[in-house]
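Visitor: sequence unavailable; structure follows:
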Ligand code: DSN
């Protein structure tokens, strides 16, 4: 990997790429859905497979010259099957939302009812939010978390399912820090004649390594992105029972996509290979250790965490007790060199552009090799930065400490 040609041809994009490398090195990234793809993944994604049209599936293409594209896609499918134990896998979706779209379009009709987790309680846009195609095409019903415990209210899920008879239930979240009871969801779905879609985009790496129960035995469809805890390229996958294989493949192509991104599929294959290693297992173990440690230390610093802690790679900090909005906290952390995102907390009375929460995750910092000691340091930095949220000189001073911490754990400095 070397950007010498880019530098010559397009110095502006080269400069932006260099600055981005520097940003990813200098900042402490706590965005729960981000990670650092390996150099091997980056090389595969930057490879000549970007030149190739390969509409169709391995050995059933609409273009000639697909013999190496076939190798790549077949390997990606085989490795993903080994990783997750699914009956059928489609590795072509360009994103998690497109993976979900293919599932919905293959089994739903316009106006059907879907039940998903409310965006405000940690769900995802593509699970029925009014501004998303799912909210425009389907009748949507939402479950959420219990006000006192912060846990998914399974009684509510059962009651809503019985009352609204959704054709499909969607389970999976972007800001939920506890173990998800996929088996419980499956029972509710089966008892009420509903299909079950598990969207494991956030926890895919944990599921792949057995650190979160797998939905594969329980759900009709499992979708995921490949770039979060799974640490691959930006993209999506769909896993399903064999009986849905044809319908899913047909809906991905030609239904909602044209040519697959073969270079991205190559990078997915590399990421799946990496995820099958002992090193990746140890990595995911440390992601969890770090997440729990960060949550504990933040609680010691006086922060409240929704549900009181975490079982996965993320936590949702409830800022309502310390009189700062999510927006101000995000901005203060950014000035201090920490990248995180504001996030609605359940029962939030602030709009999505302000919010009362902060979502923090440990996949990126763990990829850099940070451990418990660094989580203690990060918790202290967060506490100091939020306390000094309107004190620019103090935030600048903190950013120097953050930069020093980042330099002790280099990421891509050797790439260029
Ligand atoms: N936008 C992603 C996240 O940050 O969780 C989900 O797609």
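Guide: Cool, got the structure. Here the structure is a predicted model, which means the values were calculated and not measured.

Visitor: going forward, measure contacts between C-alpha atoms and count neighbours the same way
Guide: Fine.

Visitor: tell me where the stretch 151-300 of the chain has helices.
Guide: 154-164, 182-191, 204-208, 245-250, 262-275, 278-300 (DSSP state H, counting those that start in this stretch).

Visitor: where does pLDDT dip in the stretch 301-416 of the chain?
Guide: Counting by pLDDT under 70, the stretch 301-416 of the chain has low-confidence residues at 414-416.

Visitor: where do the strands sit along it?
Guide: 304-305, 314-318, 338-339, 341-343, 357-361 (DSSP state E, counting those that start in this stretch).

Visitor: ok, residues contacting stretch 387-401?
Guide: 328, 329, 331, 332, 333, 335, 336, 337, 381, 384, 385 (CA atoms under 8 Å, 6 or more residues apart in numbering).

Visitor: likewise stretch 322-338?
Guide: Residues from elsewhere that reach stretch 322-338 (CA under 8 Å, 6+ apart): 26-30, 303, 319, 339-344, 353-358, 382, 385-386, 388-390, 392, 395-400, 402-403.

Visitor: span of that stretch from start to end?
Guide: Criterion CA to CA, to the nearest Å; first-to-last residue distance in stretch 322-338 is 19 Å.

Visitor: for that stretch, the distance to its chain's centre please.
Guide: Chain-centre distance of stretch 322-338: 22 Å, with CA atoms, centre = their mean, to the nearest Å.

Visitor: repeat for stretch 290-301
Guide: Centroid separation for stretch 290-301 versus its chain: 21 Å, with CA atoms, centre = their mean.

Visitor: what residues sit buried inside it?
Guide: Buried residues in stretch 290-301, counted by 16 or more other CA atoms under 10 Å: 290, 291, 292, 293, 294, 295, 296, 297, 298, 299.

Visitor: how about stretch 160-180?
Guide: By neighbour count on 16+ other CA under 10 Å, the buried set for stretch 160-180 is 160-161, 165-178, 180.

Visitor: doesn't residue 90 make contact with residue 249?
Guide: Yes: with contact defined as CA atoms under 8 Å, residue 249 counts as touching residue 90 (6.7 Å).

Visitor: which residues touch the closest residue to residue 305 other than its chain neighbours?
Guide: Leaving aside its sequence neighbours, residue 305 sits nearest to residue 317 (CA to CA, 6 or more residues apart in numbering; 4.5 Å). Contact analysis of residue 317 by CA under 8 Å, 6+ apart lists 303, 304, 305, 306, 345, 357, 358, 359, 360.

Visitor: residue 325 versus the fifth one, what's the distance?
Guide: Distance check for residue 345 against residue 325: by CA to CA, it reads 11 Å.

Visitor: so between these two, which is more surrounded?
Guide: With neighbours defined as other CA atoms under 10 Å, residue 345 and residue 325 compare such that residue 345 has more, 28 against 21.

Visitor: so how far is residue 122 from the more buried one?
Guide: Using CA to CA, residue 345 is found at 8 Å from residue 122.

Visitor: just the buried residues of stretch 61-72, please?
Guide: Those would be 61, 66, 69, 70, 72, for stretch 61-72 by 16+ other CA under 10 Å.

Visitor: for stretch 357-373, buried residues please.
Guide: 357-368, 370-372.

Visitor: how far off centre is that stretch?
Guide: For stretch 357-373 - counting by CA atoms, centre = their mean - the centre lies 14 Å from the chain centre.

Visitor: hang on, residue 287 packs against residue 362?
Guide: Yes: between residue 287 and residue 362 there is a contact under CA under 8 Å: 5.7 Å.

Visitor: so who does residue 30 touch?
Guide: By CA under 8 Å, 6+ apart, the neighbours of residue 30 are 338, 339, 340, 360, 361, 362, 363, 364, 365.

Visitor: which among the contacts of stretch 322-338 end up buried?
Guide: For those, a burial check counting by 16+ other CA under 10 Å picks out 26-30, 303, 319, 339-344, 354-358, 382, 385-386, 388-389, 395-396, 398-399, 402-403.

Visitor: thinking again about what came up before, which of the contacts of stretch 387-401 sits closest to residue 267?
Guide: Proximity of those to residue 267 (CA to CA) peaks at residue 337, which lies at 29.6 Å.

Visitor: which residues touch residue 197?
Guide: Applying CA under 8 Å, 6+ apart, the residues near residue 197 are 168, 169, 170, 171, 219, 220, 221, 222, 223.

Visitor: can you tell me the closest non-neighbouring residue to residue 112?
Guide: residue 138 (5.3 Å).

Visitor: where are the low-confidence patches of the stretch 1-150 of the chain?
Guide: Judged by pLDDT under 70, the stretches of the stretch 1-150 of the chain that qualify are 1.

Visitor: tell me where it has helices.
Guide: Here the stretch 1-150 of the chain has its helices, by DSSP H, counting those that start in this stretch, at 4-9, 11-26, 39-45, 67-84, 96-107, 133-137.

Visitor: okay, the ones you listed, which one's buried deepest?
Guide: Comparing the helices of the stretch 1-150 of the chain by mean neighbour count (mean count of other CA atoms under 10 Å), helix 96-107 comes out on top with a mean of 22.

Visitor: what does that one contact?
Guide: For helix 96-107, using CA under 8 Å, 6+ apart, the contacting residues are 93, 126, 199, 201, 221, 223-225, 235-238, 247-248, 251-252, 255-256.

Visitor: and it, how far from the chain's centre?
Guide: Computed by CA atoms, centre = their mean, the chain-centroid distance of helix 96-107 equals 17 Å.

Visitor: cool, stretch 372-379 as well?
Guide: Here stretch 372-379 is found 23 Å from its chain centre; the criterion is CA atoms, centre = their mean.

Visitor: name the residues of it that are buried.
Guide: Per 16+ other CA under 10 Å, stretch 372-379 contains these buried residues: 372, 374, 375, 376, 377, 378, 379.
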